[in-house]
Structure formats: C-alpha cells, structure tokens
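my questions concern the predicted model and sequence given below.
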Amino acid sequence: MSTTNNKDMPELPASDRAWALFLDLDGTLVDLVDHPDSIVVDDALRARLETLTALLDGAVAVISGRAIDDLEKHLHLPTLAMSGQHGAEWRNSQGDRQIAGDHQKALEAVRQQVKEQVERDDALYLEDKGASIALHYRHRPEAGDMLKHNLSSMIGEYSDLLELHQGKFVFEIKGQGYDKGVALERFLAIPPFADRCPVFIGDDRTDEDGFRVVNAHQGVAIKVGTGDSLANERLTDPGAVHAWLDQWIMQLQRP
Ligand SMILES: O=P(O)(O)OC[C@H]1O[C@H](O[C@H]2O[C@H](CO)[C@@H](O)[C@H](O)[C@H]2O)[C@H](O)[C@@H](O)[C@@H]1O
C-alpha cells in the first residue's frame, strides 16, 4: 500500500485495487456555514470531483442529506452520481433519477405542523426537500431539546413510515428505512460501482450508516472531525479532505 507524506492523514487507498469513492457534502467537501444556501463550492472542488470521476471510471458519488436539485444547484456536475435526502433520492451517472414515495402521504400529514412550529420563531429555518423536511436551529441552539420532543410527537403515529434524524443543528423528518448505508449498498450493486471497494468520507452522525456498510465491505471509512465514529480513519476538516483527495489523484495519475 502507498503511504501519504503527511503522518496525520489516512493511508491512501492501495493502488492495486479498484475503488469506489463516496463523499458527503456539508462538513466534508465544504465548510459548515450559517445557512444551507451559503455554502461555497469553488471551481477547484468541481475540478477535483471531475478528475476523480474520470480516474475511477465513473465510480464517484455524492451521498448527501440535501435534495438532488439542491446538490446540482451548487455542484453543476450533471454526470456525477448522487444520492440525496439520506438515501431517498438517487441519480446515476446517466442522469436517471428515482425518488422514494411510500412515505409521502405521512410526510404531508405532518408538514403543516412543522411549518407552524417554525413560524413561531424567526431564528428557525425550514428546508422542505420534498421527500424529507429539515428544521434548522443553528441560530436557536437552546431549542434543541424542545424541538426534538415536539417533532417526535408529530411523527409518533407514523413511526412505521417516518423517522427523525438529528444532524448538526438540524432535525430531519425522513422516510423510514432510507439512510446513507442504503444509498451506498444501492450504488455498490450497479455499474460502475459494483465489485469495487468503497471509500466513504463523512462528518456527521447520519454518515455512520454509510461507515457501517463500508466496514462490512472491508472498505475505507473516514470520519471528518472529532467524536465517536465507526470509521477507523480521520481527517480534520474539509481542507484536509481536499488535500487527501489531491494526493490520491496524484497517485492515480502516476504511470
Ligand atoms: O449529508 P450532508 O451533505 O452533510 O448534508 C447534511 C445537511 O446539510 C445541510 O445542513 C447543514 O449544513 C448547513 C450549511 O453548512 C448548516 O447551516 C446546517 O446547520 C447543517 O445542518 C443541509 O441544509 C441539510 O439539508 C442536509 O441534510
């Protein structure tokens, strides 16, 4: 196995294996910021993703909690495979898309209640993604426990169809049975990902489902930042992720 030059960084994936790369967006590829619309995806990141996609024969996907329309609005990479809304949406590298719909009626039933909760406090922000709803409380951190309690009650009678996920200053109501692990398994069953060994980089607790699947496939799971994790490897922040990916690109380009 090749090694990186920086002792603090994970080993680079061995060059004698075929790899599939899965990447979380917020907190992993881009820095966390005050509002979901304010993230910065620069040309260097776009170029990095395009180069890796070419070098890995198309086996690169972004696995995000964001909706695919939102990911595309920021990334502008129409042939990049993606999963959005924590596994409820998929797009392959041909641009073909699917979205889970079995929980939509239940979500509709709670949508108005969530809106009313947000309307009571200007510091809260509702991100309605279609197949999931995110309630952001970054600007009202002390409301976390109250919101968790209220949102749990709202979805209580639909617990066979809906579940509550907690991310970084956000609660998300999403379809039961979809998560980033499900998204990874789905990609690993189809070309060009099938039969490749997965590498997944993520920073949040919702990424742990992905790490579990990667570990089961004897892949490389990399947690960005601190905190308990199923991942065996660490990178400190998005800047370190970019540097690690650049080193991997150099290794892949070596004759
Ligand atoms: O799975 P990810 O790609 O990491 O997406 C997770 C959630 O990211 C976004 O919210 C988070 O990032 C915002 C921008 O930095 C930040 O303001 C917010 O506090 C974070 O929770 C996104 O808005 C969500 O839809 C994603 O699920």
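Nice, thanks for sending it over.

contacts only, for the closest residue to the ligand within the stretch 51-200 of the chain.
Sorted by distance to the ligand under C-beta to the nearest ligand atom, the residues of the stretch 51-200 of the chain start with residue 65, at 2.2 Å. All C-beta atoms are positioned from the backbone trio N, CA, C, and that covers glycine. With contacts defined as C-beta atoms under 8 Å, 6 or more residues apart in numbering, residue 65 is in contact with 26, 84, 85, 86, 132, 134, 165, 167, 172, 204, 206.

mind redoing it with 6 Å?
With contacts taken as C-beta atoms under 6 Å, 6 or more residues apart in numbering, residue 65 has the following neighbours: 86, 206.

next one: residue 61
The contact partners of residue 61, taken as C-beta under 6 Å, 6+ apart, are 22, 81, 187.

pLDDT value on the last one, please?
Read it as residue 187. Turning to residue 187, the model gives it a pLDDT of 97.

does the helix or strand containing it reach the ligand?
Element membership of residue 187, judged by DSSP states H and E, is helix 180-188. No: remark: helix 180-188 sits outside contact range of the ligand, by C-beta under 6 Å from any ligand atom, the gap being at least 7.3 Å.

so the residue of the stretch 51-200 of the chain closest to the ligand, which state does it fall into?
Three-state call for residue 65 (DSSP: H, G, I helix; E, B strand; the rest coil): coil.

next one: residue 145
Put simply, residue 145 is helix when judged by three-state DSSP.

how many residues are close by it?
Other residues lying near residue 145 total 8 when counted by other C-beta atoms under 10 Å.

please parse this structure into its domains.
Each domain of the chain is listed here as a residue range: 6-99+178-253, 104-175, per automatic domain parsing.

can you say which of these is packed in most?
Comparing the domains of the chain by mean neighbour count (mean count of other C-beta atoms under 10 Å), domain 6-99+178-253 ranks first with a mean of 19.

now find how far off-centre that one is within its chain.
The gap between where domain 6-99+178-253 is centred and where its chain is centred comes out at 7 Å by C-alpha atoms, centre = their mean, to the nearest Å.

check what pLDDT residue 26 gets.
Reading off the per-residue confidence, residue 26 sits at a pLDDT of 98.

find the residue at the geometric middle of the protein.
The chain has residue 64 as the residue nearest its centroid, 2.6 Å off, counting by C-alpha atoms, centre = their mean.

show me the contacts for that one.
Shown in contact with residue 64 (C-beta under 6 Å, 6+ apart): 25, 71, 84.
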